[in-house]
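*Asks:* whatever this is, show me its structure:
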Amino acid sequence: MKAKKASLPQADARPTRLSRSDPASLEWQIQNLQLAVARRAYELFEARGGEHGHDWEDWFQAEAELLRPVSVSLSESEDRISVRANVLGFDESELQVSVEPRRVTILGKKEMSMTESEGGKIEYVDWYPDQLLQFIDLPGEVAPDRSTVELQAGLLRCELPRAAAEKIATTGIAA
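*Replies:* Model prediction:
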């Protein structure tokens, strides 16, 4: 049984700049995803015989089944906030990122992965959920129009200039 394997991104691959998505344009997709989580949580509630008191447990279980976990690191300096998110397995066409003054939203939808055996039989293989949704609340206000978002080898990097630094630069007033 010979299978075609997807190759992992090379560590030395050049970063790909992603265009930022409009937060309003993501709203419908996010709402549909949240409704899917709510439906699954309700199914878990019903499967337990309608026993009350486990609503958070059901919700977190539904998220774990439907959404891929995303590890995030955040660092800040005087003039910028940097966000790093592990989105390994997603490429630039499968990710949407919106930057708002106080929040970054990452939405991903993975295309189904397939392998083909020698006999021509197609197998669908994926051990993780095929979607991700991550809201990152920022510790300060940023200038979304001056931010950069790049993807390199499964690492999403967001460089977000602080809005206060932009105001200082344009007015010439010291902090």
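*Asks:* dig out what residue 150 forms beta bridges with.
*Replies:* residue 17, residue 157 (DSSP bridges).
*Asks:* how about residue 108, nearest residue that isn't a chain neighbour?
*Replies:* Spatial nearest neighbour of residue 108, excluding adjacent residues (CB to CB, 6 or more residues apart in numbering): residue 132 at 4.2 Å. The C-beta positions use only the backbone N, C-alpha and C, and glycine is treated the same way.
*Asks:* in whichever strand or helix holds the one you found, what counts as buried?
*Replies:* Per DSSP states H and E, residue 132 falls inside strand 131-137. By neighbour count on 16 or more other CB atoms under 10 Å, the buried set for strand 131-137 is 131-134, 136.
*Asks:* still on that earlier bit, now do the contacts for the residue nearest to residue 108.
*Replies:* Listed by CB atoms under 8 Å, 6 or more residues apart in numbering, the contact set of residue 132 reads 67-70, 87, 90, 106-108.
*Asks:* secondary structure, pLDDT and distance to residue 160 for the residues you listed - can I get that in JSON lines?
*Replies:* Shown next, in JSON lines, are those (DSSP: H, G, I helix; E, B strand; the rest coil; pLDDT from 0 to 100; distance: CB to CB, whole Å):
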{"residue": "67", "secondary structure": "strand", "pLDDT": "93", "distance to residue 160": "24"}
{"residue": "68", "secondary structure": "coil", "pLDDT": "91", "distance to residue 160": "23"}
{"residue": "69", "secondary structure": "coil", "pLDDT": "92", "distance to residue 160": "23"}
{"residue": "70", "secondary structure": "coil", "pLDDT": "94", "distance to residue 160": "17"}
{"residue": "87", "secondary structure": "coil", "pLDDT": "95", "distance to residue 160": "17"}
{"residue": "90", "secondary structure": "coil", "pLDDT": "91", "distance to residue 160": "20"}
{"residue": "106", "secondary structure": "strand", "pLDDT": "97", "distance to residue 160": "13"}
{"residue": "107", "secondary structure": "strand", "pLDDT": "96", "distance to residue 160": "18"}
{"residue": "108", "secondary structure": "strand", "pLDDT": "94", "distance to residue 160": "19"}
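*Asks:* of those residues, closest to residue 47?
*Replies:* Proximity of the contacts of residue 132 to residue 47 (CB to CB) peaks at residue 67, which lies at 19.5 Å.
*Asks:* look up how far residue 152 lies from the closest one.
*Replies:* Separation of residue 67 from residue 152 (CB to CB, to the nearest Å) stands at 23 Å.
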